[in-house]
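>>> Sharing a model prediction with you, sequence too.
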Amino acid sequence: MRSNFPGGGGGNQGPRGPRHPPRDRMGGPRPSRPPEPGERRQDRPAPSRPADAPSPVEPKRTETLRAPIAAPAARPAPRPSGPAAPRGSVWLHGLHPVHAALANPVRRLKRLLLTEEAERQLAERLPPPWPLQPERADRNKLDHLLGRDTVHQGMALLADLLPPPSFTAVLERPGPLLVLDQVTDPRNLGAVLRSAAAFGAAGVITQDRNAPEETGAMAKAASGALERIPLVRAVNLARTLAALKAAGRWVVGLDASGPSLRGEALKERRVALVLGAEGAGLRRLTRETCDELAGLPMPGGMESLNVSAAAAVALYELIRGP
């Protein structure tokens, strides 16, 4: 067996006989000296213990253990932009949207929630009886239902979505048509509907894929016009423009590159006015499909207008007298 002490030769005997480890005066092994600089020290092997001996108790560690870093608190799930409604229905809110929906025989109504004050206001504009019995609610309940940032004026109406209007029936209505090219904001679309109702437009046509769904925010921005102006959703806008031409509509694209829009020059035509989204404007294929392009004169130096403001100015120009 090899010795683990420095200079040990194990069981081999040199010329001076076997070599034993040094011992102190009491007969025990002498403590090992500290290693010299550069000298490698060999560790003493752990003493063997019988197999039936109990395991030694590990001494408690004295170092301070750091508490684990707490994981950051999970962020709350984002609140939906609108109140939850059954599939195929919408929560309308505000005096004008609720009033217009109650007066619209095409609307299928489900629930009417009113505060006491709102019921009095609504009765002044639309005397009862109404198509359905109202439920009393306080403002806290409506805030929880619609969201605290919603201006509901103390009233909410749950109703089915409006049925899609007939494209042929819209063509037979008097007044210019508005066609929207990728207008995606519901409030902008609602404001366009409001302008269309104010200036006697026949209807609004928008893309089915990129247009917003019918929401309470859209109805609030429309201020009741959602119930009065047909909103047609077209699958393919270029084909819809071709169908408008075939039906005798003169398609005018509103674009800054064209000459100023002159309503007098279009008095004898049935116009379909095409507007693009703010910033992007009309897409190339849409511009090429139009019969002509026209812009709005803006001497103040602004490059563009919001799509609802542009629709209002253009409609006024089309219907104003000489």
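The structure has been received and is ready for your questions.
>>> Can you mark which positions in stretch 261-279 are buried?
Buried residues in stretch 261-279, counted by 16 or more other C-beta atoms under 10 Å: 261, 263, 266, 270-278. Yep, even glycine has a C-beta here, placed from its N, CA and C like the rest.
>>> likewise stretch 202-219?
202-207, 211-212, 214-219.
>>> Need the residues that contact stretch 217-229.
81-82, 90, 92-94, 96-97, 99-101, 103-104, 106-107, 151, 162, 186-191, 193-194, 196-198, 201, 203-204, 212, 214 (C-beta atoms under 8 Å, 6 or more residues apart in numbering).
>>> Please save the CA atoms from that stretch in PDB.
Listed next in PDB are the C-alpha coordinates belonging to stretch 217-229 (Å, rounded to 0.1, in the frame of the first residue of the first chain):
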ATOM      1  CA  ALA A 217     -67.900  53.100 -31.000                       C
ATOM      2  CA  MET A 218     -68.800  53.200 -34.700                       C
ATOM      3  CA  ALA A 219     -72.400  53.800 -34.000                       C
ATOM      4  CA  LYS A 220     -71.500  56.500 -31.400                       C
ATOM      5  CA  ALA A 221     -69.400  58.300 -34.000                       C
ATOM      6  CA  ALA A 222     -72.200  57.900 -36.600                       C
ATOM      7  CA  SER A 223     -74.600  59.600 -34.200                       C
ATOM      8  CA  GLY A 224     -77.600  57.700 -35.400                       C
ATOM      9  CA  ALA A 225     -76.500  57.500 -39.100                       C
ATOM     10  CA  LEU A 226     -75.700  53.800 -38.900                       C
ATOM     11  CA  GLU A 227     -79.500  53.200 -38.800                       C
ATOM     12  CA  ARG A 228     -80.200  55.500 -41.800                       C
ATOM     13  CA  ILE A 229     -77.300  55.100 -44.300                       C
END
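>>> In that stretch, which residues are buried?
217-227, 229.
>>> Looking at the residues you listed, which is nearest residue 158?
residue 219 (12.4 Å; C-beta to C-beta).
>>> Can you tell me how far the closest one is from residue 104?
Between residue 219 and residue 104 the computed distance is 11 Å (C-beta to C-beta, to the nearest Å).
>>> Same question for residue 191.
To residue 104, residue 191 is 20 Å away according to C-beta to C-beta.
>>> farthest-separated two in the buried residues of stretch 261-279?
Taking C-beta to C-beta as the measure, the buried residues of stretch 261-279 span a maximum distance of 26.6 Å, between 270 and 278.
>>> all helices for this protein, in order.
95-103, 116-125, 139-146, 167-171, 186-198, 216-222, 237-246, 284-289, 307-319 (DSSP state H).
>>> and among those helices, the most buried is which?
helix 216-222 (a mean of 25; mean count of other C-beta atoms under 10 Å).
>>> mind checking how far that one is from the chain centre?
Centroid displacement of helix 216-222 relative to its chain, using C-alpha atoms, centre = their mean, to the nearest Å, is 17 Å.
>>> average model confidence for it?
For helix 216-222, mean pLDDT is 96.
>>> before we move on, the earlier item: output the helices of the chain as JSON lines; include the columns distance to residue 180.
Output for those, formatted as JSON lines (distance: least, C-beta to C-beta, whole Å):
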{"stretch": "helix 95-103", "distance to residue 180": "20"}
{"stretch": "helix 116-125", "distance to residue 180": "30"}
{"stretch": "helix 139-146", "distance to residue 180": "27"}
{"stretch": "helix 167-171", "distance to residue 180": "14"}
{"stretch": "helix 186-198", "distance to residue 180": "7"}
{"stretch": "helix 216-222", "distance to residue 180": "13"}
{"stretch": "helix 237-246", "distance to residue 180": "9"}
{"stretch": "helix 284-289", "distance to residue 180": "10"}
{"stretch": "helix 307-319", "distance to residue 180": "7"}
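>>> can you tell me which of those helices comes nearest to residue 257?
Evaluated with C-beta to C-beta, the helices of the chain place helix 284-289 nearest to residue 257, the distance being 8.5 Å.
>>> pLDDT on that closest one, on average?
Regarding helix 284-289, the rounded mean pLDDT is 93.
>>> Packing partners of that helix?
Counting contacts by 3 or more C-beta pairs under 8 Å, 6 or more residues apart in numbering; DSSP states H and E, helix 284-289 is packed against helix 237-246, strand 249-254.
>>> Can you work out which other helices and strands pack against the last one?
Contacts of strand 249-254 with other secondary structure elements, assessed using 3+ C-beta pairs under 8 Å, 6+ apart, are made with helix 237-246, strand 270-276, helix 284-289, strand 292-294.
>>> now what about that strand, what contacts it?
Here strand 249-254 makes contact (C-beta under 8 Å, 6+ apart) with 171, 177, 179, 241, 244-245, 261, 266, 269-276, 282, 286-287, 289-296, 310, 314.
>>> One more: the first one?
Applying C-beta under 8 Å, 6+ apart, the contact partners of helix 237-246 are 167, 171, 177, 179, 181, 205, 207, 234, 251, 272, 274, 285-286, 289-291.
>>> again, only this time at 7 Å
179, 181, 205, 207, 234, 251, 272, 285-286, 289 (C-beta atoms under 7 Å, 6 or more residues apart in numbering).
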